[in-house]
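Peer 1: just need the structure, nothing else, for what follows:
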Amino acid sequence: MAFSGPEVARRIDELVNLKGIRRDPDLYAIVPSPTLSAWRTAKQIPRVITLCNIADFLGVSVQWLILGKEENGLSDHERELLIAFNELNDTEKDAALRMIKGLAIHSSPNTEESDTELDDQKETAG
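Peer 2: Predicted coordinates for the structure are as follows:
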């Protein structure tokens, strides 16, 4: 995958929206809005030092900003899920895990067994 200003801007926009920091002045001190606009339209290529600062601010790696993947092989969906999960408190994290496990069990090929396991989880949770 080639390095692309529009792709970098898209990933920044996704994280900013996910974290709810669209209006955070610290973000725009690192990368002003006109600069992001220039990246989105491929009129300008992000500088490495700026990418390092943004990555640090957003809690991601420069590699992820540039390529959209990590050495650990996380997809964009997995990264988004982890970021959202980390924003939850412990009670919400437990509920999210139960929900995801329930979805995974419910979508397995052996639905008869899956429905029984899901019912067991509901009884345990309730």
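Peer 1: quick one: contacts for the spatially most central residue of the chain?
Peer 2: Most central in the chain under C-alpha atoms, centre = their mean is E80, positioned 2.1 Å from the mean C-alpha point. E80 makes contact with E14, L18, according to C-beta atoms under 8 Å, 6 or more residues apart in numbering. In this view, the C-beta of every residue, glycine as well, is placed from N, C-alpha and C.
Peer 1: so which bits of the helix or strand containing it are buried?
Peer 2: In this structure, E80 is located in helix 76-86 according to DSSP states H and E. For helix 76-86, a neighbour-count test (16 or more other C-beta atoms under 10 Å) marks R79, I83 as buried.
Peer 1: what pLDDT, on average, does it get?
Peer 2: Averaged across helix 76-86, pLDDT comes to 83.
Peer 1: isn't S4 up against A42?
Peer 2: Yes. Counting by C-beta atoms under 8 Å, A42 is a contact partner of S4 at 7.4 Å.
Peer 1: the two: which is more packed in?
Peer 2: S4 (16 against 12; other C-beta atoms under 10 Å).
Peer 1: ok, the more buried one - contacts?
Peer 2: Contacts of S4 by C-beta under 8 Å, 6+ apart are A42.
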